[in-house]
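S.K.: Sequence below, structure please.
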Amino acid sequence: MATRTAAERREEARQRYNAYVATCPSRKLLDTLSDKWVSLALTALAHGPLRYSELARTIAGVSQKMLTQTLRTMERDGLVSRTVTLSVPVRVDYRLTPLGEDLMPLLEAIKRWAEVHMEDVEAAREAYDRRLDPEP
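M.R.: The predicted structure follows:
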């Protein structure tokens, strides 16, 4: 078996994981990362570990069921770790893993972009809606 160069290995991985291919496993990861609760939970954890109740308070509007489901998905994907401390009551902390930390510059940039450009997006939405439903 011939030894492959690093460039050849990268090219092989690039071809193996192509999100434009319907069966590519990276599609499921993109689905996860594009979920609003996932991105909000990850950015909430960017500044350090939080207890479940702290996350619930930080992320306004998330139900207990959705937060639990979101945290389990992120833990399964290796983005967060869950630590249980036996006490009364039991303490459960969540923190970003190195993989989750590696993702943070991208998510922080998207969050910042959304906050900076929200007025532009709202204006575009209003203009679009006026074109679809012009007033008499």
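S.K.: what comes up buried for stretch 65-73?
M.R.: Under the neighbour-count criterion of 16 or more other Cβ atoms under 10 Å, stretch 65-73 has 67, 70-71, 73 buried. The C-beta positions use only the backbone N, C-alpha and C, and glycine is treated the same way.
S.K.: Redo these as TSV? Include secondary structure, pLDDT and distance to residue 123.
M.R.: As requested, those are exported to TSV (DSSP: H, G, I helix; E, B strand; the rest coil; pLDDT from 0 to 100; distance: Cβ to Cβ, whole Å):
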residue	secondary structure	pLDDT	distance to residue 123
67	helix	97	32
70	helix	96	31
71	helix	97	35
73	helix	96	34
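S.K.: What is the nearest of those to residue 31?
M.R.: residue 73 (9.7 Å; Cβ to Cβ).
S.K.: ok so, going back, would you list the buried residues of stretch 65-73 in CSV and tack on distance to residue 90?
M.R.: Listed next are the buried residues of stretch 65-73 as CSV, based on distance: Cβ to Cβ, whole Å:
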residue, distance to residue 90
67, 17
70, 20
71, 15
73, 22
